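*Asks:* Based on what follows, work out the 3D shape:
(chains A and B)
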There are 2 protein chains.
Amino acid sequence: MIAVLRIGHRIDRDKRITTHVALVARAFGADMIIITTKDEKIKKNIQAVCKRFGGDFQIETGVDHKKIIKSWRGTIIHLTMYGEDLEKGICSIDRKKDLLIIVGAEKVPPYFYEISDINISVGNQPHSEVAALAMFLDHYTNGLWQKKEFNGNIQIIPCVKGKKVLSKGTR
Amino acid sequence: MIAVLRIGHRIDRDKRITTHVALVARAFGADMIIITTKDEKIKKNIQAVCKRFGGDFQIETGVDHKKIIKSWRGTIIHLTMYGEDLEKGICSIDRKKDLLIIVGAEKVPPYFYEISDINISVGNQPHSEVAALAMFLDHYTNGLWQKKEFNGNIQIIPCVKGKKVLSKGTR
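*Replies:* Numbering: from 1, shown residues only, chains lettered A, B, ... in the order given. Okay, here's the model as predicted:
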C-alpha cells in the first residue's frame, strides 16, 4: 500500500497544485491520498475522475496528520529538495512495508523532517512537488504505472495525432 | 537545444502551475521556456531562482506562438494524454535536432495537435502537465538532469534529515 499525505494545503491558493498532486498519485500508482485540510471540492473532483477513468484510488480530506503518522505501521518518507539523493533514498526503503509519502506545500515545518524515516530529494534544485511525486513513484515502482490497468468507463488509446477515446458504450 | 512552449497560460488561474512548469523545465534539462502570455511576474520569479541557484536557463513571455512555431527549425512535440506512448514517441524523435515541447493549460486547440510532429503522452490517464514534462525530460535525456551542475550561489547538499545549504560566501 502506498499512500500520499498532502500537508499544508490552502484551499484557495493550492487548489490546482493539490489537484495535480492527487491526480499524479493516482496515475503513478499510489493507492490513496490524504489531504490534512478539509476540502470537499477536491475530493469530489478526484472521485469524479476515478468514476470516469477507473481504478480504486481513495481520497480523504480533513484528517489530522498526527493521527495518520502515529498510527502508520510502515515506512514514512518526505519529499523535499533538501533530502537524500533519489536513488540512494529508494534503495534504503523496505519494499515489504507500506509506504507513506509526505508531500508539502511551500514551507514544511521541521517536525515532518524529523518524523520521516528518510527525507528524499528528486534533484536538489527548486521545482515542484507534483514533479517530485511523479518521479519518485516512477523510480520507486520501476515504472509500473506504465502497465497499470484502470478499467475505466473512459479509455484513451495512444495516437500520434488527434484523440482516440473509447467509452464503455462504444467498446 | 530544448525549449518549452507554454500555451494558454491565464495569469491568475495558472500562475502557480506555470511557475512549476518553468521550474521543472529548468531543473530537468530544458534550456528555455517561452510563455505565450505576457507575465512579467513569473519571468522575474524564475530569473530570481536562476540567479540564486545557477544555470543559464532563459525565460521569455508574451511571444506569439505562431511566430515561434513558424520559425522553429527542429522537431516539435506536444505533451498530451491523448498522444503516442512515451517510449515509442521518444524513439521517433531525431536527437540531432533542436526540440520544442508544447505544454498546454486545460483544453488545447486542435491546431497544436496538427502542427506537432508528434503528440506524446505520459500515460493515458489525466494527471498534470508539470509531471508530464518532468517525466518526458527524464526519459528523453536518460536522466541526465541528475548529473547537471548549476554552479549557483546556493547549493543544496543531499541529506537524510534536516537541511544542508552552502552559499557562495560559506564555501
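*Asks:* Low-confidence ranges, chain A, go.
*Replies:* Counting by pLDDT under 70, the ranges of chain A that qualify are A:169-171.
*Asks:* tell me the centre residue of it?
*Replies:* residue A:25 (2.8 Å; C-alpha atoms, centre = their mean).
*Asks:* give me the element that residue is part of.
*Replies:* helix A:11-27 (DSSP states H and E).
*Asks:* can you tell if that helix touches chain B?
*Replies:* Yes. For a cut-off given as C-beta under 8 Å from any C-beta of the partner chain, helix A:11-27 has contacts with chain B, namely A:13, A:14, A:16, A:17, A:20, A:23, A:24, A:26, A:27. Quick note: C-beta positions are derived from backbone N, CA and C, even for glycine.
*Asks:* which secondary structure elements does that helix contact?
*Replies:* strand A:2-6, strand A:32-35, helix A:40-53, helix A:129-140, helix B:11-27, helix B:129-140 (3 or more C-beta pairs under 8 Å, 6 or more residues apart in numbering or on different chains; DSSP states H and E).
*Asks:* Make TSV out of the residues of helix A:11-27 next to chain B and add neighbour count and distance to residue A:163.
*Replies:* Formatted as TSV, the residues of helix A:11-27 next to chain B follow (neighbours: other C-beta atoms under 10 Å in any protein chain shown; distance: C-beta to C-beta, whole Å):
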residue	neighbour count	distance to residue A:163
A:13	12	32
A:14	22	30
A:16	18	23
A:17	24	26
A:20	26	21
A:23	23	19
A:24	33	22
A:26	29	21
A:27	27	18
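*Asks:* which one of those is nearest residue A:122?
*Replies:* Distance to residue A:122, by C-beta to C-beta, is smallest for residue A:24 among the residues of helix A:11-27 next to chain B, at 12.3 Å.
*Asks:* Show me which strand runs longest in chain A.
*Replies:* If you go by DSSP state E, chain A has its longest strand at strand A:75-85.
*Asks:* Run me through the strand neighbours of that one, direction for each.
*Replies:* Paired with strand A:75-85 in the same sheet, following DSSP bridges, are strand A:99-103 (parallel), strand A:118-121 (parallel).
*Asks:* With residue A:6 as the reference, measure out to the residue nearest to the centre of chain A.
*Replies:* As defined by C-beta to C-beta, to the nearest Å, residue A:25 lies at a distance of 9 Å from residue A:6.
*Asks:* Find the residues that touch each one of the two.
*Replies:* residue A:33 (C-beta atoms under 8 Å, 6 or more residues apart in numbering or on different chains).
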